[in-house]
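In: give me a model of this one.
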Amino acid sequence: MYPSLAAAKAAVIAIGEEIATYGLPSGICPIVFAFTGSGNVSQGAQEIFKLLPHTFVDAEKLPELSAGKSLPPHHQSTRRAFQLYGCVVTSKDMVAPKDPSRCFDKADYYAHPEHYRPVFHERIAPYASAIVNCMYWERRFPRLLSIDQLQQLMKNGCPLVGISDITCDIGGSIEFVNKSTSIERPFFRYDTSTNLYHDDMEGDGVICLAVDILPTEFSREASQHFGDILSRFVTSLASAKGLLELPSHLRRACIAYTGKLTPLYEYIPRMRKTMIELPPTPANSLPDKKYTTLVSLCGHLFDKFLINEALDIIETAGGSFHLVKCDVGQSIDDMSYSELEVGADDTTTLDKIIDSLTSIANAHRGDPNAAEISLKIGRVSECGIDDSMDKVGPKVLILGAGRVCRPAAEFLTSYQNIDQVHVVVASLYQKDAEETVDGIKNATAAQLDVSDTESLSNLVSQVDVVVSLLPASFHAAIARVCIELKKHLVTASYVDDSMSKLEQAAQGAGVTILCEMGLDPGIDHMLSMKMIDEAHALNGKIKAFTSFCGGLPSPAAANNPLAYKFSWSPAGAIRAGRNPAVYKFLGEIIDVDGSKLYESAKRLRLPELPAFALEHLPNRNSLMYGDLYGISKEASTVYRSTLRYEGFSEIMAILAKIGFFDAENHPLLQETDRPTYRIFLNDLLDVNNVSTSNTKVNGEETGGHDDELISRLMMLGHCKEKELAVKILKTIKFLGLHEETQIPKDCSSAFTVICQRMEQRMAYGHNEQDMVLLHHEVEVEYPDGRPTEKHQATLLEFGKTENGRPTTAMALTVGVPAAIGALLLLQNKVQRKGVIRPLEPEIYIPALEILEASGIKLIERVET
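Out: Okay, the predicted model is just below:
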């Protein structure tokens with residue numbers, strides 16, 4: 001027994017030192033551990049294995065290793081006896097095409113596993129001393145190791161000692177695992193010669209570990225994690241005397257009570273029975289029934305007992321069923337969806353079942369107090385399931401479940417000029433994905449950890465195009481999977497070095513990785529190239545290119561001193577305001593230091609939008625866009641900027657001078673006794689901390705501490721005029737940076753203090769809208785004496801609320817372009833392969849047309 005994970009690791013390390021020092025008997029070497037899968041489970045198992053002296057080898061090297069041919073002669077008698085060998089096994093090592101003329105194709109395997117035969121027992125198992133089974137498996141796939149295969153292996157002298165089946169699928173990928181084991185008795189022994197199972201370890205056979213509750217092996221670490229989650233429910237659980245006294249959410253979560261399943265979960269053994277009896281291939285899932293049909297049920301199936309009612313009808317009539325698909329709602333308000341293959345011996349019985357199921361659906365329809373249920377019936381098929389309902393149009397996988405994902409999913413599923421698109425939204429948390437697709441027809445949710453390559457590959461293989469709306473750091477790994485499976489990918493993020501390095505691989509695979517397909521970057525690219533290409537087509541030259549873009553609160557929501565609000569953590573926006581910038585203006589290269597960026601802001605008025613008092617700040621490296629757009633040599637001005645309401649940068653610059661953007665740990669915030677916001681502010685401004693009270697004039701505090709702060713702001717040179725100092729003071733007071741309350745313990749720097757205050761005080765209210773404004777200006781001169789033209793393009797979009805659900809303008813203008821990118825790839829309108837941006841006419845012409853048709857208006861004009 002080990003008191004902690006650290007102690008267990010120390011014991012493994014000690015064993016490793018013994019092996020490295022004294023070696024292993026040559027008669028049992030080489031000792032090979034085979035790890036199936038490459039996801040989190042496999043990586044966790046490998047983490048422990050790597051504490052031992054080891055070498056990893058590829059699967060194809062196992063025969064040589066076993067024969068002792070992989071090492072030089074002078075190493076054969078020593079080195080391999082002083083270490084272990086590991087081999088990570090993926091699907092290409094487990095199966096091979098039934099057609100010998102074909103090569104393994106991962107995408108084809110996931111889509112058509114019936115085209116492949118198992119080869120793990122030929123290529124891996126004969127050389128493995130231990131198999132650590134970590135892979136996801138479904139019954140439609142070939143088994144990893146059948147009983148017959150294992151028996152034959154052991155007859156042939158296979159060195160296999162044991163199997164650790166972490167997946168613990170009973171009768172699953174490793175067929176002889178017929179039960180789970182307990183922590184007290186974690187192993188059983190399977191004697192292949194007698195086909196008998198034993199609990200002792202004394203005889204012949206293969207040892208198997210099949211513990212289904214492995215997290216409890218390290219109870220302290222597991223308890224800390226699970227306890228943090230459970231603690232909020234403990235009071236209700238401890239005080240209730242019976243099931244009925246529990247709050248509804250806990251009562252619904254109670255699976256068993258007084259020794260039996262609660263009514264809500266009585267369907268479980270019935271459904272499990274059909275899964276256990278299911279044959280390996282789904283072509284005819286109910287072989288004992290002559291007539292079958294596919295029944296789709298949608299509604300509150302599990303929390304309103306409707307699934308039990310449906311199963312009762314089927315079984316009472318003499319029919320049988322098989323669960324084909326089940327998506328369970330994650331909250332009391334969510335609908336669940338199930339597909340059942342229903343079978344009967346004759347059409348009369350099947351018709352009776354269908355009529356009864358239709359009756360319960362009709363009985364609940366139209367009654368606001370009843371549990372709503374909808375029903376779809378497929379065509380009756382003789383000798384097997386009719387899969388017409390499973391046949392859908394093109395499929396798109398959207399990775400992520402943030403605000404941007406829902407507009408993308410809504411657009412794709414509602415687009416009319418293509419066969420019905422089915423969208424799968426996958427998120428780390430099932431609930432988030434469910435909320436994203438709630439109410440969207442032809443969209444389903446999936447749980448996915450994208451760092452689990454096997455699970456990611458499984459989902460990607462089933463779709464035509466992938467849209468990643470996750471943070472940019474995930475894109476390269478996702479792109480590599482898409483390239484391997486020959487699936488196109490769309491992102492809304494900038495092309496970084498990790499993506500650029502995939503250019504050759506994507507081209508070689510015939511895959512398009514369409515990046516920067518959002519707002520900025522995205523719509524800005526497409527509008528820019530449209531204007532530039534049109535000018536070049538008329539023999540014009542670009543004299544100046546300027547671009548202004550910003551996400552802002554709508555005027556009604558810009559109701560604080562900074563006239564700005566955050567829909568997520570302010571830290572990123574503040575850091576962006578500290579980035580250096582470079583641009584070209586009238587032929588001169590202008591460099592702006594990050595510390596001076598706010599001070600470089602300039603006033604902006606757009607004649608077409610006179611109500612907006614705006615300012616703009618240079619946005620990082622504008623020069624690269626001259627190169628991207630092909631205008632570096634002809635344009636004397638190339639300038640891209642970020643928009644804010646006028647006055648924002650002036651206030652932010654002074655907050656920076658005060659020291660609020662300093663990310664270093666502050667001494668005052670390292671003390672056990674936490675300072676108040678006022679004490680911290682006084683320290684930054686070097687104000688005497690003696691409490692000086694204000695007086696109220698016309699309902700507003702003035703004098704005292706306020707006067708002292710204004711004086712210090714001017715004395716330190718932060719504000720040259722009193723009017724500006726008063727404005728800064730109002731901002732400080734709005735943010736609560738003057739209050740006599742203690743600063744939270746998680747704030748360790750001035751930067752974290754102001755981020756915490758801004759997040760609290762500058763968030764959008766429930767009914768407040770955001771706004772997106774994009775404005776391009778391109779000056780075009782002509783060699784034939786025509787007057788210089790100013791081409792302008794403007795996008796102005798506000799957040800909206802439809803059917804009680806708000807959608808931000810930013811989410812709309814990022815999500816819809818990304819969805820349009822997927823649509824163009826589905827329609828094969830993008831011929832370029834590799835890692836690309838939407839700079840070519842084959843993309844931007846149809847994309848801008850579709851964007852306008854979707855309701856996002858783009859206003860273009862030309863002035864001379």
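In: just name the shakiest helix or strand of this structure by mean pLDDT.
Out: Across the helices and strands of the chain, mean confidence by mean pLDDT, DSSP states H and E is lowest for strand 695-697: a mean of 44.
In: show me where pLDDT drops low in the stretch 351-500 of the chain?
Out: Across the stretch 351-500 of the chain, residues meeting the criterion (pLDDT under 70) sit at 361-392.
In: what about the strands in it?
Out: With strands called from DSSP state E, counting those that start in this stretch, the stretch 351-500 of the chain shows them at 373-377, 381-382, 395-399, 422-427, 443-447, 465-468, 488-491.
In: do you know which of the ones you listed lies nearest His705?
Out: Go through these one by one with Cβ to Cβ and the one that ends up closest to His705 is strand 422-427, at 47.9 Å. Every residue, glycine included, has its C-beta placed from N, CA and C.
In: export that closest one as PDB, just CAs?
Out: Written as PDB, here are the backbone C-alpha positions of strand 422-427 (Å, rounded to 0.1, in the frame of the first residue of the first chain):
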ATOM      1  CA  HIS A 422     -25.100  17.900 -40.100                       C
ATOM      2  CA  VAL A 423     -23.000  19.600 -37.400                       C
ATOM      3  CA  VAL A 424     -21.200  18.000 -34.400                       C
ATOM      4  CA  VAL A 425     -20.100  20.500 -31.700                       C
ATOM      5  CA  ALA A 426     -17.400  18.900 -29.500                       C
ATOM      6  CA  SER A 427     -16.200  20.400 -26.300                       C
END
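In: other SSEs contacting that strand?
Out: Strand 422-427 makes packing contacts with strand 395-399, helix 405-414, helix 430-437, strand 443-447 when contacts are defined by 3 or more Cβ pairs under 8 Å, 6 or more residues apart in numbering; DSSP states H and E.
In: redo these as a markdown table? Include distance to Phe734 and mean neighbour count.
Out: What follows is the helices and strands packed on strand 422-427, written out as a markdown table (distance: least, Cβ to Cβ, whole Å; neighbours: other Cβ atoms under 10 Å):
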| stretch | distance to Phe734 | mean neighbour count |
| --- | --- | --- |
| strand 395-399 | 38 | 26 |
| helix 405-414 | 32 | 24 |
| helix 430-437 | 32 | 21 |
| strand 443-447 | 40 | 20 |
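In: so which of the ones you listed comes closest to Ala811?
Out: Shortest distance between Ala811 and the helices and strands packed on strand 422-427, using Cβ to Cβ, is found for helix 405-414: 5.4 Å.
In: tell me the angle the closest one makes with strand 443-447.
Out: Orientation note: helix 405-414 sits at an angle of 140 degrees relative to strand 443-447 (axes from the mean of the first three to the mean of the last three Cα atoms, to 10 degrees).
In: now the angle between helix 430-437 and helix 405-414, please.
Out: 50 degrees.
In: need the residues that contact helix 405-414.
Out: Contacts made with helix 405-414 from outside it, assessed by Cβ atoms under 8 Å, 6 or more residues apart in numbering, are listed as 396, 398, 420-423, 425, 436-437, 440-443, 467, 469, 807, 811-812, 814-816, 818-820, 822-823, 854.
In: do stretch 816-828 as well
Out: For stretch 816-828, the surrounding residues in contact (Cβ under 8 Å, 6+ apart) are 394, 396, 404, 407-409, 411-412, 415, 418, 421, 464-465, 467, 469, 488, 490-492, 512, 514, 517-519, 522-523, 526, 830, 838, 843, 846-847, 850-851, 854, 856.
In: filter those residues down to the buried ones.
Out: The neighbour-count test (16 or more other Cβ atoms under 10 Å) applied to the contacts of stretch 816-828 identifies 394, 396, 404, 407-409, 411-412, 415, 421, 464-465, 467, 469, 488, 490-492, 512, 514, 517-519, 522-523, 526, 830, 838, 843, 846-847, 850-851, 854, 856 as buried.
In: list the contacts of Val177.
Out: Applying Cβ under 8 Å, 6+ apart, we find Val177 in contact with Ile163, Asp165, Cys168, Asp169, Ile170, Gly171, Cys208, Ala210.
In: so it, which of the three states?
Out: Classification of Val177 by DSSP: H, G, I helix; E, B strand; the rest coil places it in coil.
In: next one: phi and psi at it?
Out: Here is the backbone geometry of Val177 (degrees, to the nearest 10): phi -70, psi 100.
In: thought Leu84 was touching Ile31?
Out: Yes - taking contact to mean Cβ atoms under 8 Å, the distance of 4.9 Å between Leu84 and Ile31 places them in contact.
In: for Pro471, see how far away the nearest residue to Asp449 once chain neighbours are set aside is.
Out: Distances taken as Cβ to Cβ, 6 or more residues apart in numbering put Leu428 closest to Asp449, at 5.6 Å, once the chain neighbours are dropped. According to Cβ to Cβ, to the nearest Å, Leu428 stands 12 Å off from Pro471.
In: neighbour count for those two, which is higher?
Out: Leu428 (15 against 10; other Cβ atoms under 10 Å).
In: and that one, what does it touch?
Out: Leu428 makes contact with Gln447, Leu448, Asp449, Val450 under the criterion Cβ under 8 Å, 6+ apart.
In: how about Ala111: what's its closest non-neighbour residue?
Out: Leaving aside its sequence neighbours, Ala111 sits nearest to Ser461 (Cβ to Cβ, 6+ apart; 5.9 Å).
In: you'd agree that neighbour is up against Tyr110?
Out: Yes - counting by Cβ under 8 Å, a contact exists between Ser461 and Tyr110, whose distance comes to 3.4 Å.
In: dump the strands of the stretch 351-500 of the chain to a markdown table, plus distance to Asp707.
Out: Rendered in a markdown table, the data for these read as follows (distance: least, Cβ to Cβ, whole Å):
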| stretch | distance to Asp707 |
| --- | --- |
| strand 373-377 | 68 |
| strand 381-382 | 86 |
| strand 395-399 | 55 |
| strand 422-427 | 52 |
| strand 443-447 | 58 |
| strand 465-468 | 54 |
| strand 488-491 | 53 |
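In: okay, Val50: pLDDT?
Out: Not quite, residue 50 is Lys, not Val. For Lys50, the model assigns a pLDDT of 93.
In: scratch that, His225
Out: 70.
In: repeat for the one 10 residues further on
Out: Thr235 carries a pLDDT score of 81 in this model.
In: noted, bye for now.
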